[in-house]
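>>> Next comes the sequence, and after it the predicted model I'd like to discuss.
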Amino acid sequence: MTVQTFDIRKEASSIVAVTETAAEYFHKQITESAAAGIRLSLKQAGCTGYKYIIEEVNAFPEDDLNITLPNGVQLFVDVAYLSAIQGTKIDMRQQGLNFNLVMQNPNVQDECGCGESFSIEE
């Protein structure tokens, strides 16, 4: 019998998928602000539970997972919410005249009417 080990830090690229369009947007943002990378996290908010926090960071968060996107952007994922974020695809889409980041998360159970917050399966 063999035992396989799973090192989440080595498998970080399978946690979150980022489309080329979203990666280009992130690259532009960090280039303009001279940030170290982009951080993805959640916070409790809204009427259904959680909301995404996507922010530029100037230092490498020690405990976060570090994913290097193909264009060199460093994406940091908050491990405190890893089970809620895992499998998420980040895309940039045009909606009317605006371009918005769109999160496709298979863990979302319900969303509020305005789309600002969501609940996850626990």
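Looks like it arrived, so ask away.

>>> CA only for contacts and neighbour counts going forward, please
OK.

>>> who's Asn100 bridged to?
Bridge pairing for Asn100 (DSSP bridges) gives the partners Arg93.

>>> For Ile38, give me its contacts.
Phe26, Ile30, Ile54, Glu55, Glu56, Val57, Val73, Gln74, Leu75, Phe76 (C-alpha atoms under 8 Å, 6 or more residues apart in numbering).

>>> any idea which of these is the one closest to Arg39?
Distance to Arg39 across the contacts of Ile38 (C-alpha to C-alpha) is lowest for Phe76, with 4.5 Å.

>>> What pLDDT is listed against the closest one?
Looking at Phe76, its pLDDT stands at 96.

>>> Specify the beta-bridge partners of it.
Arg39, Asn66.

>>> Make residue 1 into 66 and carry on from there
With 66 as the first residue, the last one maps to Phe141.

>>> which ones are touching it?
Gly102, Ile103, Arg104, Leu105, Phe125, Pro126, Asp129, Leu130, Asn131, Ile132.

>>> same thing but at 7 Å, please
For Phe141, the contact set (C-alpha atoms under 7 Å, 6 or more residues apart in numbering) comprises Ile103, Arg104, Leu105, Asp129, Leu130, Asn131, Ile132.
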